[in-house]
Structures are given as C-alpha cells and as structure tokens.
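K.L.:
Structure, please.
(one chain, ligands or ions: 1)
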Amino acid sequence: MYTEKVMDHFQKPRNVGEIENPSGVGEVGNPTCGDMMTIYIDVDENEVIKDIKFKTFGCGAAIATSSMITELAIGKTIDEAYNISRNNVADALDGLPPVKMHCSNLATDALQVAIDDYRSKKKK
Ligand code: FES
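P.N.:
Residues are numbered from 1 along each chain as shown. Sure, this is the predicted structure:
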C-alpha cells in the first residue's frame, strides 16, 4: 500500500523535534481523524528557512509527509516554501494511497501556518 519512500520516512523521520525560540510555529489538527502536527521554523535575514523541525501525533502517512516537507522546505525562501503543495509532498514520496492524501494537507497547512506566524511577528 505504501511506497518505499513513505516507509523510509515513517520509520526514520527526518528533523523530528522542536526549535527553541523559533521564528515561526504552525500547529494544525485534522478534524476528521484528530491527528495533530506542529512545525517550527528558523528563518535567516534573507528569509531562507535554515532550520525546521516537526512533531506529529498522527498516522504513518502524516509522519512521512511531515518528514518529507521538512526536507523540501529547508534551504528554501519562505515564499518558495509557502507554495509547496500536498501534491509536491506526495510526489516526493513517490505517491500516497488516495485515501491517505488528506494526511498530506496537515503537513502543508502546518508549514503555511508557521510561515504566517513568522510574517505576523515580523510586522510587530
Ligand atoms: Fe490522520 Fe492521516 S489519518 S493525518
């Protein structure tokens, strides 16, 4: 049912954890299944994501998509990272079963909320 890449990121998730004093935090929940995800970003003066970590209380697909989105986002500007779509994440994992596509929303939503949080803090 799952590709090798999904299994790899599920079993050895990258960038798990928290960032102390992050530039932005995004926490989202999936109302359908109750799973939760938090993404922390550290943004440098050029608006590049130089560090990113996540914590996910969720299904295997949610963990694999969180892990993959951290790898896709690191080194990108916040504008580029904001445009990562759930299909980009699923494609990078060589596909997700259709029934699990909603799980990848959690990853893209959490990253966008973290970037919004960074932008709103910067305005202050
Ligand atoms: Fe909840 Fe996948 S079943 S995020």
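K.L.:
Now do the buried residues in stretch 110-121.
P.N.:
Residues of stretch 110-121 classed as buried by neighbour count (16 or more other CB atoms under 10 Å): Ala110, Leu111, Gln112, Val113, Ala114, Ile115, Asp117, Tyr118. C-beta here means a position set from N, CA and C on the backbone, and glycine is covered the same way.
K.L.:
element containing the second one?
P.N.:
Right, Leu111. Counting by DSSP states H and E, the element that carries Leu111 is helix 101-123.
K.L.:
Show me the contact partners of that helix.
P.N.:
22-28, 30, 32, 35, 37-41, 43, 54, 56, 58-59, 61-62, 65-66, 68-69, 73, 78, 81-82, 84-86, 89-90, 96 (CB atoms under 8 Å, 6 or more residues apart in numbering).
K.L.:
Report the buried members of those residues.
P.N.:
Counted by 16+ other CB under 10 Å, the contacts of helix 101-123 give 22-26, 28, 30, 35, 37-41, 43, 54, 56, 58-59, 61-62, 65-66, 68-69, 73, 78, 81-82, 84, 86, 89-90, 96 as buried.
K.L.:
Can you list which of those are found in strands?
P.N.:
Applying DSSP state E to those, the entries found in strands are Gly24, Val25, Gly26, Val28, Met37, Thr38, Ile39, Tyr40, Ile41, Val43, Phe54, Thr56.
K.L.:
Would you work out how far apart the start and end of stretch 15-25 are?
P.N.:
Using CA to CA, to the nearest Å, the end-to-end distance of stretch 15-25 comes out at 15 Å.
K.L.:
And the average pLDDT for that stretch is what?
P.N.:
Averaged across stretch 15-25, the pLDDT comes to 98.
K.L.:
pLDDT below threshold where in the chain?
P.N.:
124 (pLDDT under 70).
K.L.:
Any residues of it in contact with the ligand? List them.
P.N.:
Residues of the chain lying near the ligand by CB under 6 Å from any ligand atom: Asn30, Cys33, Asp35, Gly58, Cys59, Ala61, Ala62, Cys103, Leu106.
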